[in-house]
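> sequence first, then the predicted structure:
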Amino acid sequence: MPMENILHLLNFFLMLITASAPSYLAIKLRTSQFPRLLHLSIGLAVFAFAHSLYHLADYLELSNLADSFFLPLSVIFLVIWGIYYARSGA
């Protein structure tokens, strides 16, 4: 197995772990009085999950799908999250 595939698999699992922290925070904030923090947590979790799918697709040697769909999708989610973060005043 090439080293690049091992790194993509490792990044897939690390991004899933990364997505779990804002997901847990979003679950805890469901009924709170901080809707902006809830939206920021959900947005960050969605970005991390989409980026983990990019690494999974690249690991499975679906490079066209990874580079043409999952990578732009995760970048779009990150840009949307960044705009929301900037406008939320958090």
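All right, it came through fine.
> how much space between the nearest residue to residue 71 once chain neighbours are set aside and residue 89?
Excluding the flanking residues, the one nearest residue 71 by Cβ to Cβ, 6 or more residues apart in numbering is residue 54, at 5.1 Å. (Glycine included, C-beta is placed from N, CA and C.) Note on residue 54: its distance to residue 89, by Cβ to Cβ, to the nearest Å, is 30 Å.
> between the two, which one's more packed in?
Shown here are residue 54 and residue 89; by other Cβ atoms under 10 Å, residue 54 has more neighbours (23 against 6).
> can I assume the more buried one is in contact with residue 72?
No: look at residue 54 against residue 72 with Cβ atoms under 8 Å: they stay out of range, at 9.3 Å.
> common neighbours of the two, please.
By Cβ atoms under 8 Å, 6 or more residues apart in numbering, residue 54 and residue 72 have no common neighbours.
> point out the other helices and strands that the host helix or strand of residue 22 packs with.
According to DSSP states H and E, residue 22 maps onto helix 3-28. Under the contact criterion of 3 or more Cβ pairs under 8 Å, 6 or more residues apart in numbering; DSSP states H and E, helix 3-28 touches helix 35-59.
> what are the buried residues along the helix it packs on?
Residues 37-59 are the ones in helix 35-59 that count as buried (16 or more other Cβ atoms under 10 Å).
> what's the mean pLDDT across that helix?
Here helix 35-59 scores 96 as its mean pLDDT.
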